[in-house]
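After the sequence you'll find the predicted model.
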2 protein chains.
Amino acid sequence: MSISDKLSPVAMNFTLKDHTYDVLRKAILEMNIYQPETDLRLDERTLAENLAISRTPIREALARLAQDGLVEIIPRKGVFVHRKSLEEILEMIVIWAALESMAARLATEKASDDDLRALRKFAMKNSMDAMSAEIEEYSEANIKFHQYILDLSGCKALGKMADGLFVHMHAIRRRAMGESDRVTKSVADHMEIIEALESRDADLASKRVREHTMRLHDHIHTTWTRLDNIDSEKTI
Amino acid sequence: MSISDKLSPVAMNFTLKDHTYDVLRKAILEMNIYQPETDLRLDERTLAENLAISRTPIREALARLAQDGLVEIIPRKGVFVHRKSLEEILEMIVIWAALESMAARLATEKASDDDLRALRKFAMKNSMDAMSAEIEEYSEANIKFHQYILDLSGCKALGKMADGLFVHMHAIRRRAMGESDRVTKSVADHMEIIEALESRDADLASKRVREHTMRLHDHIHTTWTRLDNIDSEKTI
DNA sequence: TCAATACATTTTACAATCAAAATCATAAAA
DNA sequence: TTTTATGATTTTGATTGTAAAATGTATTGA
C-alpha cells in the first residue's frame, strides 16, 4: 500500500467552463423568473467579476445554457434568462406526458417486482408527508415519483430528456401550485398508476400516466389563462 | 412607398458563432461517422485556419454541439465527434416513438380534414417513389412523413425535439438500411396510420405510430447485434 | 418646447497571447 | 534489449485587449 493509493485520481476533468455552467444554471433556477421586476439581464462582465474569472469561460457556459433554452442570447444586445410563455410551458408538459407514458409502458416489462414494491413504499411515504407538509414540499416529492417511473423504464435517455424538462418546471412550480385539492387527487392518481404497473398492464399504465400528467396540463391551462397575467405575446 | 421599404431589415443577427455552429453541424452529419478509419478528432486550430476565423467562435460553437450530443469534448484532450453506441441509438428510437405517438394522438384532434388529405397525398406520392427509387431516397421521404405527423400535432416543441433526434438518425441510416422488404412494409404501415388519423381514433393512431417506430427499433436491435461490429462497451 | 443629429458610453463579438497540461520522443540506465 | 525518466512539442484552457455596434445623452436649431 503505497502513498499513491491515497492520492485520489485528482479531478482534473474540472474546467472553469463546466463549473460556471453549473453555477449559472443553478442560479437561474433559484431565482424567481416570473416576478415582473426581476432583472433578466446577464451581464457577462459583471458575472466575470463576481466569479472572479475571465469572460471567455462565461461566454462558453452561456452558449450551452442558450442551447438548452434556459437563456436567450440576442446578438449585440446581451443575454437574458428566457421567461417561458404559457404556450411553451404547456408544450413541455405534453412532451413530459409523452415520455413518461412510454416509460410506464416499458416499466411494466423491465421493472422487477422488488422495484415496484420500492416504488409503492416510496409513494406511500411521500403521500403521508404531502398531507401535512406544505405544497412546495409535495411538489418536490411529486417530481421524484415521476423520475422514479422514468428510471424504471430502463431507458436512460428517457430519464435524461425528462430531467431537461423538469429543470424548467422548477421555476414554474412557484406559480402553478396553490390549490390543495390537487394534492390529494394526485396521490390517488399515483396509487392507480402503481396498481397498473403491478398488474403489468402496459396499455393501462401508460394511459394512466399520460392522463395524470395531462390533467396538470389542463389545470395550468385553465388556471393561467383565467388569471392571465402572463405575456403570451412575448415572441420576438 | 419610400426607399426604406425596399431596404430589408439587414440580417445583422448574423454571428460567426452561429455560422460555425451550422457549418460544423452540417459537416458532421455529412461525414460517415461509423467508418472505423474516419478521424473523429476536431482540431480547433485547424478549424480556425480552414474557416479563416479565430478560435473563440469555434469554441462556442463546439460547446453547443457538445450540448446536443453531437460531439464529445474531453478536457485537455480535445473534441471528438461522438460515435453513438447501439444502446444510445435504440434509446433514441424509443423516445422518437414516444413523441410521435403523442403527436398522432393530438393530431386526431387538432388536424383538419384538409390536413389529413394533404398527408395522404404526400404519403401516396412518396410510396410511389419508394417502389422505384433507392433506399436512401426512401429513407429521406420516410423521415418527412413522420415530421408531417409531428407538425399536425400542433405542438411545436414536439416537432423540435424530434428534429434533434432525427439529426442523429442521418448518420445511422447508412448502416441501418439494406433490406428492401422493410420499405414496402413501412408503406403499408403509413397507410394504416393515416386511416387511424382519419377515423379520429386517438388510441388507435397513437398505438399504430408507436408500434411502427418500435418495429424499426426491434429491427435495428436484432440486425446490429447479429452483425455486432459495434463497440457497445465504449463508455469510459 | 420639441425634434433631430452628433457625441459619448456601454457592451458584445472577435482576435491574439499567455500559461498549463498531455503526449511523444529520445536518451540513459539496468 | 527493455524500461524509465526527462525534455520537447503539441494542443487546449484562460486572460486580456481591440473594434464595432447599440443605446443613451446632450446640444443645437427650428
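Noted; the coordinates are in hand. This structure is a prediction, so every number in the text was calculated from the model and none was measured.

CA atoms for contacts and neighbours, from now on please.
Will do.

Please list all residues in contact with the spatially most central residue of chain A.
Nearest to the geometric centre of chain A sits residue A:166, at 1.2 Å (Cα atoms, centre = their mean). With contacts taken as Cα atoms under 8 Å, 6 or more residues apart in numbering or on different chains, residue A:166 has the following neighbours: residue A:143.

Got the phi and psi for residue A:42?
phi -120, psi 100 (degrees, to the nearest 10).

residues near it, how many?
16 (other Cα atoms under 10 Å in any protein chain shown).

right, and it touches residue A:81 too?
Yes: Residue A:42 lies in contact with residue A:81 (Cα atoms under 8 Å); the separation is 7.4 Å.

Tell me which stretches of chain A form strands.
A:41-42, A:71-74, A:78-81 (DSSP state E).

Alongside DNA strand D, which residues does chain A contribute?
A:15-17, A:53-57, A:76-77 (Cα under 7 Å from any atom of the strand).

near DNA strand C too, which of these?
Checked against DNA strand C using Cα under 7 Å from any atom of the strand, the residues of chain A next to DNA strand D yield the following neighbours: A:56, A:76-77.

Using CSV, please lay out those residues together with pLDDT and neighbour count.
Listed next are those as CSV, based on pLDDT from 0 to 100; neighbours: other Cα atoms under 10 Å in any protein chain shown:
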residue, pLDDT, neighbour count
A:56, 90, 16
A:76, 83, 10
A:77, 87, 8
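
Closest to DNA strand C out of the residues of chain A next to DNA strand D?
Among the residues of chain A next to DNA strand D, residue A:76 lies closest to DNA strand C (Cα to the nearest atom of the strand), at 3.7 Å.

Number of residues surrounding the nearest residue to residue A:92 once chain neighbours are set aside?
Computed as Cα to Cα, 6 or more residues apart in numbering or on different chains, the closest residue to residue A:92 that is not its neighbour in sequence is residue A:165, at 6.6 Å. By the other Cα under 10 Å criterion, the neighbourhood of residue A:165 contains 17 residues.

and if you look at residue A:26?
Residue A:26: 12 neighbours (other Cα under 10 Å).

Please apply the same query to residue A:31.
13.

what sits against it?
Applying Cα under 8 Å, 6+ apart, we find residue A:31 in contact with residue A:171.

Residue A:205 too?
A:101, A:104-105, A:108, A:193-194, A:196-197.

what does chain A put close to chain B?
Chain A has residues A:13-15, A:59-61, A:63-64, A:67-68, A:74-75, A:88, A:91-92, A:95, A:98-99, A:101-102, A:155-158 near chain B, with proximity defined as Cα under 8 Å from any Cα of the partner chain.

Could you identify the buried members of the residues you listed?
Buried members of those, scored by 16 or more other Cα atoms under 10 Å in any protein chain shown, are A:59-61, A:63-64, A:67, A:91-92, A:95, A:98-99, A:101-102, A:155, A:157-158.

thinking again about what came up before, could you dump the strands of chain A into TSV with distance to DNA strand C added?
TSV is the format used below for these (distance: least, Cα to the nearest atom of the strand, whole Å):
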stretch	distance to DNA strand C
strand A:41-42	6
strand A:71-74	6
strand A:78-81	4
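
List just the one of the ones you listed that sits closest to residue A:222.
Proximity of the strands of chain A to residue A:222 was assessed by Cα to Cα; the nearest stretch is strand A:78-81, lying at 25.6 Å.

Who does the closest one pair with, and is each partner parallel or antiparallel?
With DSSP bridges as the test, strand A:78-81 is paired with strand A:41-42 (antiparallel), strand A:71-74 (antiparallel).

weakest of those strands in terms of mean pLDDT?
If the strands paired with strand A:78-81 are sorted by mean pLDDT, strand A:41-42 sits at the bottom with a mean of 87.

who touches that strand?
For strand A:41-42, using Cα under 8 Å, 6+ apart, the contacting residues are A:78-81.

circling back to that earlier point, of the contacts of residue A:205, which is the most crowded?
Most surrounded of the contacts of residue A:205: other Cα under 10 Å gives residue A:104, at 33 neighbours.

Residue A:118 versus residue A:200, what's the distance?
16 Å (Cα to Cα, to the nearest Å).

Compare the two (neighbour count), which wins?
Neighbour totals were compared for residue A:200 and residue A:118, and residue A:200 leads with 19 against 13 (other Cα under 10 Å).

ok, the residue lying closest to that one once chain neighbours are set aside - contacts?
The spatially closest residue to residue A:200, leaving aside those adjacent along the chain, is residue A:108, at 4.7 Å (Cα to Cα, 6+ apart). Residues in contact with residue A:108 (Cα under 8 Å, 6+ apart) are A:197-198, A:200-202, A:205.

Reformat the residues you listed as TSV; add distance to residue B:31 and pLDDT.
Below are the contacts of residue A:108 laid out as TSV (distance: Cα to Cα, whole Å; pLDDT from 0 to 100):
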residue	distance to residue B:31	pLDDT
A:197	43	96
A:198	46	96
A:200	43	97
A:201	43	97
A:202	40	96
A:205	42	96
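
Just the ones in helices from the buried ones among the residues of chain A next to chain B, please.
A:59-61, A:63-64, A:67, A:91-92, A:95, A:98-99, A:101-102, A:157-158 (DSSP state H).

And chain A, what are its domain boundaries?
A:16-81, A:86-226 (automatic domain parsing).

how about low-confidence regions in chain A?
Residues of chain A that meet the criterion pLDDT under 70 lie in A:1-13, A:36-39, A:129-139, A:174-184, A:226-236.
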